[in-house]
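**Q** Below is the sequence, then the predicted model.
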Amino acid sequence: MGNSWVDTLDSFELISPIDGRVIGLVADCGPEEALRAIDASEEAFELWKATSVDTRYQILSRWAQLIVEEKNQLAEIMALEMGKPLKEGKKEVDYAASFVWWYAEEAKRIYGLTIPAPMPSKRIVVLYEPVGPVLAITPWNFPAAMVTRKAAAAIAAGCTIIIKPAEHSPLTATFLAFLWDKAGGPPGVLQVLPTANPERLCKVFFDDFRIRKISFTGSIPVGKAIYREAAKTLKGVLLELGGNAPMIVFADADIDTAIREAIQAKFRNAGQACVAVNRLYVEKKISEPFCSKLVEETKKLVLGDPLLPSTDIGPLVGEQSLHKIHSLLADVLEKGGKILCGGKSQGLYFAPTIVWVSDPSARILSEEIFGPVLPVIPFEMEREVISWANATNYGLASYVMTSDLKRAFRLSEALRFGIVGINDGRPSCCQAPFGGIKESGIGREGGQWGIKEFLETKYLSFNLD
Ligand SMILES: NC(=O)c1ccc[n+]([C@@H]2O[C@H](COP(=O)([O-])OP(=O)(O)OC[C@H]3O[C@@H](n4cnc5c(N)ncnc54)[C@H](O)[C@@H]3O)[C@@H](O)[C@H]2O)c1
Ligand SMILES: O=CCCC(=O)O
């Protein structure tokens, strides 16, 4: 807390999904620690908001550098605490650092405005100021990038930030805080409070007027609850919630590209990504050859110990995910579907699976799978597949595979999602606006949009008469 490590009365066991072993005891922060953190955050805010953008740039750059230098260590921590394979973990560390580099630079570009006034004696000036202390609540599936995507933008804007990481991944966030300290980050600007009881801890933050913004990434039900809580003291909210991404493959697509991108978009992080393909619509006239090639490529993915460099897919994060996936598959099979490959699990290790779905009422098409299972559905008409793709309350990512330029534009405009990947299964990057519409969220992270979430607009009216 501040920049010092604090002992708590309680702790909780951190269990690795690799083999169910206890890998550590983590401080279980409660209301007392929450209040201390808010005091420190408020005190630090007065100093941090007044720092020069050069200072912010230098500290953030050093933080980014240290994150990259500790890539192997961070990847190992992620593998141990939430099961991400090392090779993916290293990519995530680069992705996490890219936000810090980006916002180190973006701090320099918080430009105000002057506006021609209605009278010769008046001047209008518009300034952007940091919103104040921020609470960030992050998920376990991208334990490094979801922290830096929020923290770097908030800190660059001049805010202070308190991070409450997910119960499955407190160590990655804590290690990032250690690196922040090492980079010369001042006390109280970035704090991490792990807990086994998020509701009890976060109530203190929700009720405290001094927290002026909540940036949340996680599931839709929790996002909605946070939205209600934030309303009590009218805090701003940034909500990055779940997805149910369609990928539509037209017969005119480059099939090798479509398969490569589908595999990438589905099996990254064992399907535990908000932008993961949840429904793969394939034009009927190519569906058979497409599926056999897709199955052939999927079978090449290596399932196993995430600490081994050859592993592509590690364990699921917990039992709850496992039960959900088995139940979604059982429902598909009951409704006439067919497993084309995979479908089996051993412990938390679930084989990469392709399943043919013939009944549109299958639950797997309307719920977020969050695991390595790819449902394939044939279609015949463009208009029909657009309406199927849009028939969801989710609105995060969507994908179109086509070589027809006119179709690419038509589909980009017709799909009601915040992100459309055109022949691209991995659109996420630090430069672009990431976020959803409908129930997938409010606001955007990344690029020039991410920093604006942490800025207020102030209007100065000068009367020179
Ligand atoms: N849109 C995005 O950018 C994005 C990115 C990653 C994950 N997600 C979504 O996150 C979900 C998976 O992550 P998850 O299982 O960790 O989600 P989750 O909603 O269960 O938990 C997310 C965070 O909220 C905390 N939390 C849970 N209940 C809370 C409460 N009552 N008060 C305060 N905090 C609470 C958790 O401890 C965790 O830190 C999926 O739906 C996925 O699509 C979205
Ligand atoms: O889980 C969703 C976040 C991953 C991403 O930023 O691509």
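**A** Cool, got the structure. Because the structure is a prediction, the values reported are computed rather than measured. Numbering: from 1, shown residues only. Ligands and ions are numbered 1, 2, ... in the order given.
**Q** For the residue nearest in space to the middle of the chain, give me its contacts.
**A** Centroid check for the chain by CA atoms, centre = their mean gives Met146 as the closest residue, at 5.2 Å. Neighbouring residues of Met146 by CB atoms under 8 Å, 6 or more residues apart in numbering: Thr138, Pro139, Thr217. C-betas here are computed from N, CA, C, even on glycine.
**Q** all helices for the stretch 351-465 of the chain, in order.
**A** Here the stretch 351-465 of the chain has its helices, by DSSP state H, counting those that start in this stretch, at 382-390, 405-414, 447-452.
**Q** As CSV, these with mean neighbour count would be great.
**A** Shown next, in CSV, are the helices of the stretch 351-465 of the chain (neighbours: other CB atoms under 10 Å):
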stretch, mean neighbour count
helix 382-390, 16
helix 405-414, 14
helix 447-452, 20
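**Q** Asp28: which of those helices is closest?
**A** Asp28 lies closest to helix 447-452 among the helices of the stretch 351-465 of the chain, at 30.6 Å (CB to CB).
**Q** and that closest one, what's its mean pLDDT?
**A** Computed over helix 447-452, the mean pLDDT rounds to 98.
**Q** what's near enough to touch Trp449?
**A** Applying CB under 8 Å, 6+ apart to Trp449 gives the contacts Pro433, Gly435, Gly443.
**Q** Stretch 309-320 close to ligand 2?
**A** No - judged by CB under 6 Å from any ligand atom, stretch 309-320 makes no contact with ligand 2; its nearest approach is 12.4 Å.
**Q** Let's see that stretch as PDB, backbone CA atoms only.
**A** Extracted C-alpha coordinates of stretch 309-320, given in PDB (Å, rounded to 0.1, in the frame of the first residue of the first chain):
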ATOM      1  CA  PRO A 309       7.800 -24.500 -24.400                       C
ATOM      2  CA  SER A 310       6.000 -26.800 -26.900                       C
ATOM      3  CA  THR A 311       2.600 -26.500 -25.300                       C
ATOM      4  CA  ASP A 312      -0.200 -24.600 -27.300                       C
ATOM      5  CA  ILE A 313      -3.100 -25.200 -24.900                       C
ATOM      6  CA  GLY A 314      -2.900 -25.400 -21.100                       C
ATOM      7  CA  PRO A 315      -5.400 -26.300 -18.500                       C
ATOM      8  CA  LEU A 316      -8.700 -24.500 -18.000                       C
ATOM      9  CA  VAL A 317      -8.600 -22.100 -15.100                       C
ATOM     10  CA  GLY A 318     -11.000 -24.100 -12.900                       C
ATOM     11  CA  GLU A 319     -13.700 -26.700 -12.400                       C
ATOM     12  CA  GLN A 320     -16.500 -24.300 -13.100                       C
END
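**Q** SS state for the residue nearest to the centre of the chain?
**A** Counting by DSSP: H, G, I helix; E, B strand; the rest coil, the backbone at Met146 sits in helix.
**Q** what's the pLDDT at it?
**A** 98.
**Q** for Trp5, same thing?
**A** Looking at Trp5, its pLDDT stands at 85.
**Q** Around whichever residue of the stretch 251-400 of the chain sits closest to ligand 2, how many other residues sit close by?
**A** Going by CB to the nearest ligand atom, ligand 2 is nearest to Cys274 of the stretch 251-400 of the chain, at 3.6 Å. Cys274 is flanked by 27 other residues according to other CB atoms under 10 Å.
**Q** can you pull the contacts of it?
**A** Taking CB under 8 Å, 6+ apart, we find Cys274 in contact with Asn141, Thr217, Glu240, Leu241, Gly242, Gly243, Glu368, Leu396, Ala397, Ser440.
**Q** Nearest residue to the third one in space, please, no chain neighbours.
**A** I take that to be Glu240. Thr217 (4.1 Å; CB to CB, 6 or more residues apart in numbering).
**Q** before we move on, back to that, show me the contacts for the nearest residue to the residue nearest to the centre of the chain once chain neighbours are set aside.
**A** With CB to CB, 6+ apart as the measure, Thr138 is the residue that lies nearest to Met146, at 4.4 Å, once sequence neighbours are left out. By CB under 8 Å, 6+ apart, Thr138 lies in contact with Met146, Val147, Lys150, Ile163, Lys164, Pro165, Ala166, Ser169, Ala173, Thr217, Gly218.
**Q** who wins for neighbours among these?
**A** Ranked by neighbour count (other CB under 10 Å), the contacts of Thr138 have Met146 at the top, with 30 neighbours.
**Q** any idea how far that one is from ligand 2?
**A** Going from Met146 to ligand 2 by CB to the nearest ligand atom, to the nearest Å gives 7 Å.
**Q** got a list of what Ser61 touches?
**A** Neighbours of Ser61 in contact, by CB under 8 Å, 6+ apart: Val100, Trp101, Ala104.
**Q** correction: Val192
**A** Counting by CB under 8 Å, 6+ apart, Val192 touches Ile162, Ile163, Lys164, Pro165, Pro170, Ala173, Thr174, Leu176, Ala177.
**Q** what do you get for Val147?
**A** Contacts of Val147 were listed using CB under 8 Å, 6+ apart, and they are Ala96, Ala136, Thr138, Ile163, Pro165, Thr172, Ala173, Leu176.
**Q** Export the residues you listed as TSV, with columns for distance to Ala408, pLDDT and secondary structure.
**A** Below are these laid out as TSV (distance: CB to CB, whole Å; pLDDT from 0 to 100; DSSP: H, G, I helix; E, B strand; the rest coil):
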residue	distance to Ala408	pLDDT	secondary structure
Ala96	31	99	helix
Ala136	36	99	strand
Thr138	34	98	coil
Ile163	39	98	strand
Pro165	39	98	coil
Thr172	37	98	helix
Ala173	39	98	helix
Leu176	38	98	helix
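**Q** coming back round to it: let me know the secondary structure of the residue of the stretch 251-400 of the chain closest to ligand 2.
**A** Secondary structure for Cys274, judged by three-state DSSP, is coil.
**Q** per-residue confidence for it?
**A** We have a pLDDT of 98 for Cys274.
**Q** which phi and psi does it have?
**A** Main-chain torsions, Cys274, degrees, to the nearest 10: phi -70, psi -20.
**Q** Not including adjacent chain positions, what is the nearest residue to it?
**A** Excluding the flanking residues, the one nearest Cys274 by CB to CB, 6+ apart is Gly243, at 4.6 Å.
**Q** my guess is that neighbour meets Thr392, correct?
**A** No - assessed by CB atoms under 8 Å, Gly243 is found out of contact with Thr392, at 9.2 Å.
**Q** Check what pLDDT Phe178 gets.
**A** Looking at Phe178, its pLDDT is 98.
**Q** tally of neighbours for it?
**A** Close neighbours of Phe178, defined as other CB under 10 Å, add up to 15.
**Q** picking up where we left off before, looking only at neighbour counts, state which of Gly243 and Thr392 leads.
**A** Gly243 (28 against 23).
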